[in-house]
Each structure stands twice: as structure tokens, then as C-alpha cells.
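*Asks:* coords please:
(one chain, ligands or ions: 4)
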Amino acid sequence: MCYPYIVESRPIVGRIIIAARDIEPGEVIFKEKEMVVGPCKTKCHICVCCGRKVEESVRCKCQWFLCQQDCPEFFRHSEDECNILSQTNLDESGFDVYRGIMPLRVLYLPKHHLDYFLQFMDHGSEREDKFEDITNLIRNRWKQEKYCEELISRVEGILDVNTVEHRVPVGESIRGFLPITSLASHSCISNSIKDKTDEGYVTTRSKMAIKKGEEITFHYSGGLKGRFIRRKALRSGWFFWCGCSRCESPNELGAETSSLLCSSEDCNGIVRPVKPLNMDSVYRCDRCGMEETSDCIQAKEDILTAQLENCYSNDSVKIEELLVKSETKFHPNHFLILIMKWLLITSWGRSKGLENSSLSDEVLQKKIKYCREYLAALNILDPGISHNRGLTLWELHSAHTFLINRKFQTDRLSPVDFVAGLKESEKMVSEAIYCLQFNQEGTSEYQVEEMAKKALNNITQTIQFFSSMIPK
Ligand SMILES: [Zn+2]
Ligand SMILES: [Zn+2]
Ligand SMILES: [Zn+2]
Ligand SMILES: [Zn+2]
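*Replies:* Ligands and ions are numbered 1, 2, ... in the order given. As a prediction, this is how the structure comes out:
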């Protein structure tokens, strides 16, 4: 079989994954088994095998917790590991001891696996944290002096930047090391998504059509965030300054998620960074040329962030007040404005007391407008098969379909216009289903997809019914 990807080596960045042929949207690019799996940071006791939160009654013979006596992932907890962990009295230790399990499992890998693992980058020279607590734990408390400090700290350094985290159904996250998936680079507009499917396997799919020779990319962090937060998170977590096409574009490829509005009277210009890859770059108005320092722009964003954090996420009245006030200073697609719009979108028609039937036409219209603006940004930043787009389209359909039904029932919409409106709903829901097609049963996205399938059926039937009554 011809795999759709190849691994290539590039100077500075190291190994990357390239499409070996044209790839269709939604195609599986690779599916692989995790080489090692273990706990991340935890704030509660978890099963030492699968990471689920535990009831604190079932224990292994090493006295560490298990979710149940025959945990399906018991194989992760080897005999060696059981003996080593039995040296730590879990009841007298903090939760930090869980952090040592994953590097310990790496150290106990078969030699050829460990050698492969050690080829990955750890950015050791750039990091301040040398993981002394983990080195101490493994060497001294667990008596593994045969592993030197440098090796342990290198293992943890590699894990820190190369593992994939996923949530466990009940409990905290666990992290896994995937030999191929870990090679995929970051892009602030990625072309692939990864998903944990069958136990122990992670599937990588294309979000969109990928041309032969293009790099396969993921989003490590900060999808819809503005440039300051997003780029600093990548720098501190993965030790690089992102130079992707979105980061080097002053208007973020048209998404405008980091743009402000000019503060000069009657100007109405848009204020964007002049040299986007430089974090200290000044911002300049595209109309009057007025300039502001990056510190000044960051301060404005910090103030708005603090104001937003003071609002309860379901207090739609307060959020709307803040939105109206901020819209004079920030671009309608600025990421903080988009957060407020999203909070309103998911309050109106969803929160108790704010069901569609109790909303005025005006509020429903506003929800539709905000959904469309949010989608316009997502179409650029998170294109193709995306959960975010699917959920937004579902909200857009909800307000739109409710409003046209209300207008039709109160004789404010002709049958012809009603059918035309329903056809728009049909498109929204079909696209939502397309975006949500790869979610696992039990997730909230999966539930929305199921609801969307039912809604699509209803809409199609209603269109047929009314179309047959409209004289040609
Ligand atoms: Zn378990
Ligand atoms: Zn044990
Ligand atoms: Zn970027
Ligand atoms: Zn201006």
C-alpha cells in the first residue's frame, strides 16, 4: 500500500511530514499506536494504568491506585514498574509523584525504541527547567541511579514538547508519545486534526484537500487567539517563534483577529502590526498613519481581558454591554470581540430563560449576525472539517430556522420566501454535519451531529411539503 505521507529532514526544524500524494479532505493520513502512555500533571489520585480518576478503594499490590482490579490498560504497568513504585508510599506523597511515571516508562522501553525516542528534540539548551524534581524522584526515591541526570532530564524534555495530550473520559488528561504524529509541525492554520479513536490508537486526518508535497501540520496551541498570546504560548511551550503565513500577515490573512480600530476622531481606519513577526513592532492605522507601540496595544488587550474575566460567562446582559463598549476600539473580528460574540451565541437560545421562543426578532437577528461574523473568521483560521465551524453552523441554523418559522406563522413571510429560507437552513445543517462527521460517540460534538441529522430530515421534508403547494 502507498502511504499518503513521507518523512523528510530539513535544516534547523529537523524532521517533518510531507504529503506523498494529493490527499482528500477527511482522509486518514496515518493511524498509529502510542509507544508510551502515562499521566500528565494531576490534582487527584488516578489509575496508574489508564489515568481515570479513582474511588480510592482499589489498589495494586504496589499500593498505587487502580480504577478497577482488571483495568483494561493494566499492561501499561509492568512488573518492574510495580516493584519500583512500591517504594513510594502514595498516601504520604503529593500528586507530583505521578509525573515520574511517564519518563520511567520511557527509560524501560526496549533499547531500539529508546534509541528512536532519543533522536527527538528536547530544546535542552533553551529551557530553564532542568526537571530536577523528576530526576531526584527517579534516581533517589525510586533508586534508579543507573540512569544519569542528563538522560532523565533529556527524556522529560523530549516528552514535554513531543507528546499528545488527550482527556480521559473520567478524570485528568494523559499524554502519549506517537513516533510519527510527534513529527508533524505546528501551523497557526493547520491542515490536519488528530483524534484518539480505538484504545491506544491516534488517527490523523486531513481537514481539507492537501496537495502532494505540502507539509502535514497541526495546531499545538492557541487556535483563535490573537498574535501576542498565541505566539508567546508557542515560544514558551515549544521554544520557537512561529513564522507561519498567518503570523507573518499583518491582518492574519484577512481574519483580523489581532486588529484594532483607530482612536483618532472620525478616522475609522484599522490598526495592525507593521512587522508582524517582530513582537515589538509598532501598530499603524491604515488610513491616517497614526502609530501605537506594541506595549500600548498589549495594555488595551489586557484591560479588555480583565473586564471580560469579570463577567460571568452566562451573564449575557453584561457581556453585551462590554461588547458594545469595546466595538469602538477593537476590530469586529478581534479575538476578544469574537469570544464575547461566542458567549452571546451560546447564551441566546440555549440558556435557561433565554430559549429561542422568549427572544425577540432583534436578538435572533443579532445572533445570526454574530454567527456569520464568527464563521467568517473560522473559515480563514480553522477551515475545512472543524468542530468549531460545525458548532457555529449549528447555532446559526438554530436561530435562522426559528426566526423564519416565526415570521411565516405570523404572516410576515410568503411561502416562497419561507422555502427559500429553509433551503438556506438545509445548507447550514448539511455543512455542520460535514464538519462534525469524525467525532466519537459520547462527545458533545457527536450529540450535536445526531441532532443535526434529525433536523436535516425535518427541514428537507418541510421543503418538499411546501414546494408541492406553491404553484409553479
Ligand atoms: Zn484503569
Ligand atoms: Zn503495581
Ligand atoms: Zn503562526
Ligand atoms: Zn487613523
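*Asks:* Check what pLDDT the closest residue to Cys50 other than its chain neighbours gets.
*Replies:* Among residues not flanking Cys50 along the chain, Glu73 sits closest, at 4.1 Å (C-beta to C-beta, 6 or more residues apart in numbering). Glycine gets a C-beta too; all of them are placed from N, C-alpha and C. pLDDT recorded at Glu73 is 89.
*Asks:* gap between Glu73 and Cys44?
*Replies:* 18 Å (C-beta to C-beta, to the nearest Å).
*Asks:* do the same with Ser221
*Replies:* 24 Å.
*Asks:* how about the residues of the chain near ligand 1?
*Replies:* Within the chain, the positions adjacent to ligand 1 are 47, 49-50, 67, 71 by C-beta under 5 Å from the ion.
*Asks:* Who are the contact partners of Glu145?
*Replies:* Arg139 (C-beta atoms under 8 Å, 6 or more residues apart in numbering).
*Asks:* hang on, the earlier thing: more neighbours, Glu73 and Cys44?
*Replies:* With neighbours defined as other C-beta atoms under 10 Å, Glu73 and Cys44 compare such that Glu73 has more, 18 against 12.
*Asks:* Point out the other helices and strands that the strand or helix carrying Ala452 packs with.
*Replies:* Using DSSP states H and E, Ala452 falls within helix 444-469. Packing partners of helix 444-469 (3 or more C-beta pairs under 8 Å, 6 or more residues apart in numbering; DSSP states H and E): helix 387-409, helix 415-435.
*Asks:* Residue of the stretch 51-200 of the chain nearest ligand 4, please.
*Replies:* Cys188 (27.0 Å; C-beta to the ion).
*Asks:* middle-most residue in this structure, spatially?
*Replies:* By C-alpha atoms, centre = their mean, the chain has its centre lying nearest to Gly223, at 6.2 Å.
*Asks:* Quick check, that residue in contact with Leu381.
*Replies:* Yes - counting by C-beta atoms under 8 Å, Gly223 does reach Leu381; the two are 6.8 Å apart.
*Asks:* so what's in contact with those two at the same time?
*Replies:* With C-beta under 8 Å, 6+ apart as the test, Gly223 and Leu381 both reach Cys188.
*Asks:* And the strands in the stretch 201-350 of the chain, which stretches?
*Replies:* Assigned by DSSP state E, counting those that start in this stretch, the stretch 201-350 of the chain shows strands spanning 201-206, 217-218, 260-261, 270-273, 283-285, 291-292.
*Asks:* residues near Glu362, how many?
*Replies:* 8.
*Asks:* Hmm, I typed the wrong one, I wanted Asp129.
*Replies:* There are 11 residues near Asp129, going by other C-beta under 10 Å.
*Asks:* distance of it from Gly14?
*Replies:* 21 Å.
*Asks:* circling back to that earlier point, could you dump the helices and strands packed on helix 444-469 to TSV with mean pLDDT, distance to Arg284 and mean neighbour count?
*Replies:* Shown next, in TSV, are these (pLDDT from 0 to 100; distance: least, C-beta to C-beta, whole Å; neighbours: other C-beta atoms under 10 Å):
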stretch	mean pLDDT	distance to Arg284	mean neighbour count
helix 387-409	97	30	21
helix 415-435	97	36	19
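*Asks:* Ignoring the adjacent residues along the chain, who's closest to whatever residue of the stretch 101-250 of the chain ends up closest to ligand 2?
*Replies:* Closest residue of the stretch 101-250 of the chain to ligand 2, C-beta to the ion: Ile101 (10.9 Å). Of all residues not flanking Ile101 in the chain, Gly38 sits nearest, at 4.7 Å (C-beta to C-beta, 6+ apart).
*Asks:* how about that neighbour, what does it touch?
*Replies:* So Gly38 contacts 76, 101-102, 105, 174-175 (C-beta under 8 Å, 6+ apart).
*Asks:* any low-confidence regions in this structure?
*Replies:* 1-2, 169-171, 197-200, 222, 472 (pLDDT under 70).
*Asks:* what's the domain layout of it?
*Replies:* Recorded structural domains for the chain (assignment: automatic domain parsing) are 1-31+180-219, 35-177, 348-469.
*Asks:* Need the ones you listed in TSV (columns: distance to ligand 3).
*Replies:* TSV is the format used below for these (distance: least, C-beta to the ion, whole Å):
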stretch	distance to ligand 3
domain 1-31+180-219	3
domain 35-177	16
domain 348-469	11
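*Asks:* nearest to Ser259, of those?
*Replies:* domain 348-469 (11.1 Å; C-beta to C-beta).
*Asks:* next one: the closest one to chain centre, how far?
*Replies:* Remark: domain 348-469 is offset 23 Å from the chain centroid, using C-alpha atoms, centre = their mean, to the nearest Å.
*Asks:* measure that domain end to end?
*Replies:* 34 Å (C-alpha to C-alpha, to the nearest Å).
*Asks:* cool, stretch 213-226 as well?
*Replies:* End to end - C-alpha to C-alpha - stretch 213-226 spans 29 Å.
*Asks:* Would you mind pulling the contact partners of it?
*Replies:* 5, 16-19, 29, 184-188, 190-194, 204, 210, 229-230, 233-234, 237-238, 257-258, 301, 334-336, 338, 377-378, 381-382, 388.
*Asks:* hmm, back to that, could you dump the contacts of Gly38 into TSV with secondary structure and distance to Asp280 added?
*Replies:* Shown next, in TSV, are these (DSSP: H, G, I helix; E, B strand; the rest coil; distance: C-beta to C-beta, whole Å):
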residue	secondary structure	distance to Asp280
Arg76	helix	46
Ile101	helix	41
Met102	helix	37
Arg105	helix	42
Ile174	strand	39
Arg175	strand	34
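*Asks:* Quick check: the farthest pair among those?
*Replies:* Arg76 and Arg175 (12.5 Å).
*Asks:* Now do the shared contacts for these two.
*Replies:* With C-beta under 8 Å, 6+ apart as the test, Arg76 and Arg175 both reach 37-38.
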